[in-house]
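A.B. asks: Next come a sequence and a model predicted from it.
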There are 2 protein chains.
Amino acid sequence: MATLKDVAKETGFSITTVSRALNGYSDVSEETKLKIQKVADKLGYSPNILARSLVMKQSRTIGLIVSDIKRENIKDNFMYETLCGISDQLAELDYEFVLLSTSTSKQRNKTYKQLCAERQLDGVIIQGLKLEDPYLQEAVQSNTPCVLIDIPAEGENVGYVTSDQFESAKNAIKYLYRMGHRNIVFVNGSENAHVSKVRHRAYQEALKEVGLEYKEELVIVGDFSEEKSKHEMIPILLNNPSITAVFCASDVMALGVLQAARELQLKVPEHLSIIGFDNILLSRYVTPPLTTVGQFPYQMGVAATQMLVDLIEKKESAHVVEIKNKLILRDSVASIVSK
Amino acid sequence: MATLKDVAKETGFSITTVSRALNGYSDVSEETKLKIQKVADKLGYSPNILARSLVMKQSRTIGLIVSDIKRENIKDNFMYETLCGISDQLAELDYEFVLLSTSTSKQRNKTYKQLCAERQLDGVIIQGLKLEDPYLQEAVQSNTPCVLIDIPAEGENVGYVTSDQFESAKNAIKYLYRMGHRNIVFVNGSENAHVSKVRHRAYQEALKEVGLEYKEELVIVGDFSEEKSKHEMIPILLNNPSITAVFCASDVMALGVLQAARELQLKVPEHLSIIGFDNILLSRYVTPPLTTVGQFPYQMGVAATQMLVDLIEKKESAHVVEIKNKLILRDSVASIVSK
DNA sequence: CTGTTAGCGCCTTCAC
DNA sequence: GTGAAGGCGCTAACAG
């Protein structure tokens, strides 16, 4: 591959001049600029980004640290959609990214700082880490810019984008209340995830606001798994015939609840109303189509990227962006006011 | 961040010795090795991969060139699943990757060669490019190793992984035949995709083998779109009441056909049998669950990665890997032998 | 065993 | 306007 040196030799100019010409510096005469450009094109010259990054100490590359790019999460295309948003926006801004898939154990082998330094990353987007993962702490303290998705943390160089989890979850539950439901189960994900904590709080708060009693036994942990949710749901349903509605912290878990209902011959929504969370693709196609709290992961990816690049380039920008969720009404909730 | 220099200064050894010690060369005494290692740990030294790549002329990084990481393709998690396979296997092999999203027009701005050279990529995996995309040609001619997914091309440094498209498509059609169907529509994707051509040929071949006549008017182009397929399907169904089955080159398009049937009050499978292709997540959840030709994109990703790394490291390996598809029987095909 | 020298490809002073 | 020199962090001969 052609290097600056080659272009220099071919044109007779020095490497320095060639470099400046190609980078559009103004202190090179138009004439030589043209000459150099022409030869560069002819030789198919393309700057070596590694060499450039080495000396410039910035790489126009960001790292995307994820822990959930696994097959198990495939139903939930949240990850994929944010990825698309990030990818698109990054291309727009002329950056590139490397995908750094990590696990809690891997994080012990290599520190966050090392990870960034190794590749001279200009910034990092983190998604799907567990709350206790070491990288989270390190990221906040580090001085390479970082934006988190759905994990609140702020700092000089750290921001996050999230959705209005709390409000939208509360709304969903109040909606159930307005539809006449008084005994509402909450199927939560894993308590390790920040979003789960928020949704749990929202559940409690919403109940309080409408004057319903919070009962520990109506909260179950579905671990974001269809199977587990189904499994946990059945006994609850059996033991509490008064239950008429379920609020799930994810659509995947709602699918599990749907199965549980089917197994117990409970009709949805006639006997049991269900609200999910995420608006995954499937939710529109199952029978009955799922009423759910829709998120906009693509937009979140775009926003995260924009924030990160602003951080990198020291532009003014908010350190917190909230993308509004939206309750999507379909057919899995029935009104029981008349009963 | 600590560099070799820092470690050298701290230990009193030369940079070279430190480098060799840390890279486990045998010509360094155990004692100094230990001493150096200790200081390196203390300082949190981590090699700068860029600098190393620059001199080693290899980066332990591969490029993943895709053109279809777009929101439109979100229903089809083929892309995402292969990505997972690639990511997992790459981590296994201790490589990293950058995602290079490209479009036909972008390919005019920067050649494939430049793309590889810029980042000193050791190899490339290509997925989802159009047959006429310039990068395809370039990739085959280039000498950086490359493996393609679902695009047949071979060479010294080029291989591909695919599934047994032809056989499995033929099987699906023969299955319809065995179930008594004699008028079978074929909904194809875009003719730009290699897989579409293969599936089209398979359709023709299968008909021939079972002694059915190939009729041009029973082939429609759905462009991999649900909408388009539905739209195209309706008139065909209206004009040809003898049609009893449809073979779709993708599940997404099968969904469109399903809608078309619903709109025309045709029951599936009683009045119309449908076979899809891909086994996308949705296919199991729609009503009725879709009989489909299942692919295994995760395994394809793993295989592609393994092949690429073998190519890079000059290990012996096949240049063509075929992952077998599997016909997944669900409820969208009915037998009409009795009629 | 260890250190010196050279260079990967690029950018940035600082002279001329 | 242009060029020479130096250095980013690292590895690879080559001496000793």
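C.D. replies: On my side now, so go ahead.
A.B. asks: Nearest the middle, which residue of chain A would you pick?
C.D. replies: Of all residues in chain A, the one closest to the mean position by CA atoms, centre = their mean is A:Ile149, 4.6 Å from it.
A.B. asks: is that one in a bridge, and if so with what?
C.D. replies: A:Gln127, A:Val161 (DSSP bridges).
A.B. asks: where do the strands sit along chain A?
C.D. replies: Counting by DSSP state E, the segments of chain A that form strands are A:61-66, A:96-101, A:123-127, A:146-149, A:158-163, A:184-188, A:219-221, A:245-248, A:273-278, A:291-294, A:320-323, A:326-328.
A.B. asks: highest average neighbour count across those?
C.D. replies: Highest mean neighbour count among the strands of chain A (mean count of other CB atoms under 10 Å in any protein chain shown): strand A:245-248, with a mean of 29. Where you see a C-beta, it was placed from the backbone N, CA and C, and this is true even at glycine.
A.B. asks: How far away from the center of its chain is that one?
C.D. replies: Strand A:245-248 sits 23 Å away from the centroid of its parent chain (CA atoms, centre = their mean, to the nearest Å).
A.B. asks: the helices in the stretch 1-150 of chain A, which residues?
C.D. replies: A:4-11, A:15-22, A:30-43, A:49-56, A:78-92, A:106-109, A:112-118, A:134-141 (DSSP state H, counting those that start in this stretch).
A.B. asks: Could you dump these into TSV with mean neighbour count, distance to B:Asn143 and mean pLDDT added?
C.D. replies: Putting those into TSV (neighbours: other CB atoms under 10 Å in any protein chain shown; distance: least, CB to CB, whole Å; pLDDT from 0 to 100) gives the following:
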stretch	mean neighbour count	distance to B:Asn143	mean pLDDT
helix A:4-11	17	18	94
helix A:15-22	19	25	94
helix A:30-43	15	18	92
helix A:49-56	16	19	95
helix A:78-92	22	27	90
helix A:106-109	13	33	82
helix A:112-118	21	27	92
helix A:134-141	18	38	92
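A.B. asks: now for these, which one comes closest to B:Asn192?
C.D. replies: helix A:78-92 (21.4 Å; CB to CB).
A.B. asks: Tell me who's in contact with A:Lys230.
C.D. replies: By CB atoms under 8 Å, 6 or more residues apart in numbering or on different chains, the residues touching A:Lys230 are A:256-257, A:259-260, A:263.
A.B. asks: Of the residues you listed - the most surrounded one?
C.D. replies: A:Val257 (32 neighbours; other CB atoms under 10 Å in any protein chain shown).
A.B. asks: distance of A:Ser250 from chain B?
C.D. replies: 15 Å (CB to the nearest CB, to the nearest Å).
A.B. asks: Likewise for A:Val219?
C.D. replies: For A:Val219, the distance to chain B - CB to the nearest CB - is 27 Å.
A.B. asks: any idea how far A:Ile312 is from chain B?
C.D. replies: Computed as CB to the nearest CB, the A:Ile312 to chain B distance reads 17 Å.
A.B. asks: For that residue, give me its contacts.
C.D. replies: Counted by CB under 8 Å, 6+ apart, A:Ile312 has contacts A:62, A:122-123, A:145.
A.B. asks: how about 10 Å then?
C.D. replies: A:58, A:60, A:62, A:93, A:95, A:121-123, A:144-145, A:157 (CB atoms under 10 Å, 6 or more residues apart in numbering or on different chains).
A.B. asks: ok, now A:His194?
C.D. replies: A:129-131, A:136, A:148, A:150-153, A:160, A:162, A:165.
A.B. asks: can we see that at 7 Å?
C.D. replies: Counting by CB atoms under 7 Å, 6 or more residues apart in numbering or on different chains, A:His194 makes contact with A:131, A:150-152.
A.B. asks: What number of residues are in the vicinity of the closest residue to A:Lys130 other than its chain neighbours?
C.D. replies: Once flanking residues are discounted, A:Lys130 sits nearest to A:Asn192: 4.8 Å by CB to CB, 6 or more residues apart in numbering or on different chains. Counted with other CB under 10 Å, residues neighbouring A:Asn192 total 13.
A.B. asks: Do you know the pLDDT at A:Asn192?
C.D. replies: Looking at A:Asn192, its pLDDT is 77.
A.B. asks: again, but for the one 5 residues further on
C.D. replies: Here, the pLDDT recorded for A:Lys197 equals 90.
A.B. asks: hang on, the earlier thing: which of the contacts of A:Ile312 lies closest to DNA strand D?
C.D. replies: A:Gln58 (12.1 Å; CB to the nearest atom of the strand).
A.B. asks: Find me whatever residue is spatially closest to the closest one, sequence neighbours aside.
C.D. replies: Per CB to CB, 6+ apart, closest to A:Gln58 is A:Asp122, 5.2 Å.
A.B. asks: do A:Phe277 as well
C.D. replies: A:Phe277 sits nearest to A:Val293 (CB to CB, 6+ apart), 4.7 Å away.
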